[in-house]
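> Generate a structure from the sequence data that follows.
(2 chains)
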Amino acid sequence: MKKLKSVKDLKQFQKALLAERKGIKKSVAVCEGTGCHAYRSSAVADAFVKEIEKRGLEKEIGVRRTGCHGFCERGPMAKIFPEKIFYFQVKPEDVAEIVESTLLKNKLVEKLLFFDDKTGKHCAYQHEIPFYKLQNSVVFGNNFMINPREIEDYITVGGYSALAKALSGMTPEEVLEEIKKADLRGRGGGGFPAGVKWETTRNAPGEPKYVIVNADEGDPGAYMDRSVLEGNPHSVLEGLMLGAYAIGSDQGFVYVRQEYTNAIENLPVAIAQAKQLGLLGDNILGSGFSFDVTIHQGAGAFVSGESSALMTAIEGRVGEPRPKYTRTAVKGVWDKPSNLNNVETWANVPLIINNGSDWFRSLGTEGSKGTKIFSLVGKVKYTGLVEVPMGLTLRQIVYDIGGGIRGDKKFKAVQTGGPSGGCIPEQFLDLPVDFDELSKVGSMMGSGGMIVMDEETCMVDVAKYFTNFLADESCGKCIPCREGLRQMRRILRNITEGKGKEADLGVLEEVGDFLKEVSLCALGQTAANPVLSTLEYFRSEYEAHVLHKQCPARVCQSLIVFSIDPLKCSACGTCRKQCPTDAISGDKKLVHIIDQSKCIKCGTCFQVCPTRFSAVDKLPGGPAPEPVAYGTKAVQKSKGGN
Amino acid sequence: MDKTKSRIVGVRVNKEQETMLSQLQKKSKLTKSELLLKGLETLAEYYSADDGAEQQEEMQTALQRLEKEAMSHMVSLKKIRRKEEAIREFVREIRKVDEIIDRHGCKASMLIQILLDVQKQNNWLSKSALVWISERLKVPMTRIMQVASFYTMFSLAPQGRQTVQVCLGTACHVRGANELLTRTQSVLNLKPGETDPELKHTLKTVNCLGCCALGPVVTVGGAYHSNPSVAQLKELVEEHE
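Have a look, this model is predicted:
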């Protein structure tokens, strides 16, 4: 690769690339994001390459291994261009048929299309599929077009043109002004205006200045930053460089979670390719602007995603937060002015520079502009990543895009904002989703995790889950967070084990309010949110645990009881053979019985009992019904059971 | 003739014999003790053909004594070799750690990155490696231990060859990660964080693997599996042994 020495060089390079690819009439994009990869999508991509080679069509049909396409529920996915036909759950065996029918004869392969059970129709094209219909993928959309390991792909779709535009025709002040005008708010959770933050760092005394990408996406159940970073790393790098140009920095860091193996592999490749082309390094595109990036890996600590903690970790010390009397924008890494933004925020920057702040302001609500990627997971029918303009309602996201609740069960709550957020009950489903609205009901938008819960989710258990998580992840530096969470965890554990007292609920509220007031960093200040919001909206569930020693959602393992209905049991023996503790006794034609003293409540019997019998009952609380005497003959016959 | 005698492998020899031995040794490329044993073998063959019973007996005791001496020397040689091997192994480990340190420019700010790479290579952080890192980076051992014990990625004890990770992210949690964890525990007979004594498996829990659509998820040797049953888990674990 030749170094690009000017903006003209870049434009010519893009032109040459486009000319080179002119012959390719059709292409297949196979998702190799983490979700699809787990479904063995690489084998599908290999099959496409092989099949196309076999037919000698390499010059006409391209195969792209891309990042995440969002609809992870139905992986592995392949998207056919230019028609934008989506095929789901593609197996290597299906590839020959897709090539033969769709790529050569323009015919659809119906069995791999999305089937909409509401309309009873197959949907082939992106604009027809309910999951994609309401989405507006401005940040995420290029993932389909790009192999993250090939910078040429990014350049052909107009990559680095925002950088070229800024370096050739805008002063740093103009870039900063554009971001400020766009009112881009930080996508990491806080929602702080990025432009204001940039300006603080720019005006802060001290050299050098640093710019940082926060890719320590620690919220469990959220993976949009990962998908942007591993699917389109150059867009983040370009945004970072624009920020550096506006702020006056020549050194950047990307702090990425060690768990994100794919991103950690793709990022150095992207940086190396950008350096080769002269888009990173000294005197970029002949403008005199120089910039370099270093990757730092996290080592597994939630609190390290907090800005001051992250900066301490970059210095090679334990990632603990410090009091922020002076903001990190003024005194950050090695006490130098440091501007930190999250992955999605940076990825928005090139779009704003290219399309202008007015375009960006045309999306979203009054207080929150642009789009936001959410990770829609949990008990929702269509799990995946969705990018929507701010201001869509929760109902639209959960029901129209997500297809509603799995198994058409009853909706209970949606948890947003990760461990710092709260649970939003059904009555607020029509709330428009943006930074300000969600905080009004005791939750927050956070980085964009949306965990949908149905009637089978126990809210006390969810509160315990988050408190447990936070108590483990608290760094222990400030006492309210360390000790407060420990006590809350103890009380919640007691409640879920049936040892709760009535006074416990009051104590939980008191400790929660205290944490909010006096903790050192955001982790502690927001740690009580999951408990306080569930206490507010789902108090009756807490009371059932405390007063009746029952878990209405049948989740808390210490309270629930498994028993076998003697009238339904067909003595097929499936549960007896699979029980890990041999707690089930019975024989051929004899009703099976669970020995409650041996049962560890793993749920295996409930899971494996054939649905045509459904003889295993999960009860909200004890005592278990008196079992029938051993030797009782089964009434049901096990037809074809083993 | 020179009367001064020296000892070779515990046997007295004169100058002439010594030169002869060293010549033989050069030709045959054997160690001194091996050469001696060879000589004894030849002698034994020669004398076993002789009829003089008394002489033979005398010879035999002498031979046995010599053989014993030679053997004991071999044993101590072996011991030295084993020690050498242990030291060499240690040096090899340190050299690899050195490579990692140099790759990161021997900077104290890269401490976490260095520890991550060492952990990845050895599967754990040995004390010798940590002491060496402390020496090279001029970072006190207390700070290294603070970092090594703070992050969940680091382990200060050897890990199993195969890691089994159960995801406890929120999405997996609401879809039954706890039940999956109970099942995995009973199959491996381990609690989270534990390694079996034969170092086959380590069971870990993780906060989110980012493939929430598959939840609840367990990874065995890096491959993702969606909500396997007890029977499937047993198969997966055996497959990877």
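> So what does the most centrally placed residue in chain B look like in phi/psi?
Closest to where the C-alpha atoms of chain B average out (CA atoms, centre = their mean) is residue B:89, at 7.3 Å. Reported as degrees, to the nearest 10, the phi and psi values for residue B:89 are phi -60, psi -40.
> per-residue pLDDT, it?
Looking at residue B:89, its pLDDT reads 86.
> now the helices for the stretch 251-400 of chain A?
A:261-276, A:307-314, A:343-355, A:357-361, A:394-395 (DSSP state H, counting those that start in this stretch).
> Which segments of chain A make up each domain?
If you go by automatic domain parsing, the domain ranges for chain A are A:7-131, A:151-360, A:371-454, A:459-547, A:561-619.
> And the ones you listed: which comes nearest residue B:72?
Proximity to residue B:72 (CB to CB) singles out domain A:151-360 among the domains of chain A, at 51.7 Å. For the C-beta atoms, the positions are set from N, CA and C on the backbone; glycine is no exception.
> touching chain B at all, the closest one?
Yes - under the criterion of CB under 8 Å from any CB of the partner chain, chain B is reached by domain A:151-360 at A:218-223, A:226, A:258-260, A:296-302, A:313-319.
> Centre of the chain to that domain, how far?
Chain-centre distance of domain A:151-360: 19 Å, with CA atoms, centre = their mean, to the nearest Å.
> Give me the nearest residue to residue A:149, chain neighbours excluded.
residue A:269 (5.1 Å; CB to CB, 6 or more residues apart in numbering or on different chains).
> er, residue B:104 I mean
residue B:110 (3.9 Å).
> quick one: residue A:97 and residue A:73, what's the gap?
To residue A:73, residue A:97 is 23 Å away according to CB to CB, to the nearest Å.
> just residue A:574 next, same as before
Counting by CB to CB, the separation of residue A:574 from residue A:73 is 28 Å.
> out of the two, which sits in the busier spot?
A direct count of neighbours by other CB atoms under 10 Å in any protein chain shown for residue A:574 and residue A:73 places residue A:73 higher, at 23 against 20.
> show me what contacts the more buried one?
Going by CB atoms under 8 Å, 6 or more residues apart in numbering or on different chains, residue A:73 touches A:381-384, B:213.
> any idea whether it is helix, strand or coil?
State at residue A:73, reduced to three classes by DSSP: H, G, I helix; E, B strand; the rest coil: helix.
> Then the residue nearest to residue B:104 would be within a strand, right?
No - counting by three-state DSSP, one finds residue B:110 to be helix, located in no strand.
> pretty sure it contacts residue A:316?
Yes - using CB atoms under 8 Å, residue B:110 is in contact with residue A:316, at 6.0 Å.
> For residue A:550, grab phi and psi.
phi -130, psi 150.
> and the closest residue to it other than its chain neighbours, what does it touch?
Computed as CB to CB, 6+ apart, the closest residue to residue A:550 that is not its neighbour in sequence is residue A:621, at 3.4 Å. Residue A:621 makes contacts with A:498, A:548-551, A:559-561, as judged by CB under 8 Å, 6+ apart.
> Going by distance to residue A:141, which of those residues wins?
So of the contacts of residue A:621, ranked by how close each gets to residue A:141 (CB to CB), first place is residue A:551, at 42.9 Å.
> Near the closest one, how many other residues are there?
With other CB under 10 Å as criterion, residue A:551 counts 25.
> and the residue lying closest to it once chain neighbours are set aside, helix, strand or coil?
Nearest residue to residue A:551, sequence neighbours excluded (CB to CB, 6+ apart): residue A:559, at 4.5 Å. Here residue A:559 is coil, with the state taken from three-state DSSP.
> Could you do residue A:115 as well?
Residue A:115 ends up strand, using three-state DSSP.
> The residue nearest to residue A:550 looks like it's in a strand, true?
No - assignment of residue A:621 by three-state DSSP gives coil, placing it outside any strand.
> Give me the distance between it and residue A:545.
Distance of residue A:621 to residue A:545, given as CB to CB: 9 Å.
> Can you give me the buried ones in stretch A:455-466?
Judged by neighbour count using 16 or more other CB atoms under 10 Å in any protein chain shown, the buried positions of stretch A:455-466 are A:456-466.
> need the residues you listed in TSV with distance to chain B, can you?
TSV is the format used below for these (distance: CB to the nearest CB, whole Å):
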residue	distance to chain B
A:456	8
A:457	5
A:458	9
A:459	11
A:460	13
A:461	8
A:462	7
A:463	12
A:464	10
A:465	5
A:466	8
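> okay, the residues you listed in JSON lines with secondary structure and distance to residue B:228 next?
Shown next, in JSON lines, are these (DSSP: H, G, I helix; E, B strand; the rest coil; distance: CB to CB, whole Å):
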{"residue": "A:456", "secondary structure": "coil", "distance to residue B:228": "20"}
{"residue": "A:457", "secondary structure": "coil", "distance to residue B:228": "22"}
{"residue": "A:458", "secondary structure": "coil", "distance to residue B:228": "24"}
{"residue": "A:459", "secondary structure": "helix", "distance to residue B:228": "28"}
{"residue": "A:460", "secondary structure": "helix", "distance to residue B:228": "28"}
{"residue": "A:461", "secondary structure": "helix", "distance to residue B:228": "22"}
{"residue": "A:462", "secondary structure": "helix", "distance to residue B:228": "24"}
{"residue": "A:463", "secondary structure": "helix", "distance to residue B:228": "28"}
{"residue": "A:464", "secondary structure": "helix", "distance to residue B:228": "25"}
{"residue": "A:465", "secondary structure": "helix", "distance to residue B:228": "22"}
{"residue": "A:466", "secondary structure": "helix", "distance to residue B:228": "26"}
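> Could you pull up the contacting residues of residue B:163?
Listed by CB under 8 Å, 6+ apart, the contact partners of residue B:163 are B:201-202, B:204, B:219, B:221-222.
> give me the number of residues near residue 103?
As the question left the chain open, I've gone with chain A. 22.
> um, chain B though
Residue B:103 has 12 neighbours, counted by other CB under 10 Å.
> Tell me what the closest residue to residue A:52 other than its chain neighbours is bridged to.
What sits nearest to residue A:52 in space, not counting adjacent residues and going by CB to CB, 6+ apart, is residue A:61, at 5.3 Å. Applying DSSP bridges to residue A:61 gives these bridge partners: residue A:26.
> any idea which helix or strand carries residue 86?
In the absence of a named chain, chain A is used. If you go by DSSP states H and E, residue A:86 is part of strand A:85-87.
> my bad, the chain I had in mind was chain B
helix B:53-103.
> Close to chain B: what parts of the stretch 451-600 of chain A are there?
With CB under 8 Å from any CB as the criterion, the stretch 451-600 of chain A meets chain B at residues A:451, A:453, A:457, A:462, A:465-466, A:469, A:475, A:557, A:578, A:580-581, A:600.
> Report the two of the residues you listed separated the most.
A:475 and A:578, at 41.9 Å, using CB to CB across these.
> So for the two, which residue has more residues nearby?
For residue A:475 and residue A:578, the more surrounded residue by other CB under 10 Å is residue A:475, and the numbers stand at 22 against 18.
> as a whole number, average confidence for stretch A:389-406?
What stretch A:389-406 shows for mean pLDDT is 93.
> on that earlier part again, tell me the phi and psi of the residue nearest to residue A:550?
phi -170, psi 170.
> how far away is it from residue A:457?
Distance, residue A:621 to residue A:457, by CB to CB: 17 Å.
> What of residue A:223?
Distance of residue A:223 to residue A:457, computed by CB to CB: 20 Å.
> Burial check on residue A:515, number of neighbours?
Neighbours around residue A:515, by other CB under 10 Å: 25.
> what sits against residue A:44?
Neighbour list for residue A:44: A:30, A:76, A:78, A:90-92, A:95 [criterion: CB under 8 Å, 6+ apart].
> out of those, which are inside helices?
residue A:95 (DSSP state H).
> Outside of the lowest-mean-pLDDT helix or strand in chain A itself, which residues are in contact with it?
In chain A, no helix or strand scores lower on mean pLDDT, DSSP states H and E than helix A:34-38, which sits at a mean of 85. Helix A:34-38 is contacted from outside by A:30, A:68-69, A:72, A:75-77, A:223, A:226-227, A:230, A:262, A:384, B:209-214, B:217, B:223-224, B:226, using CB under 8 Å, 6+ apart.
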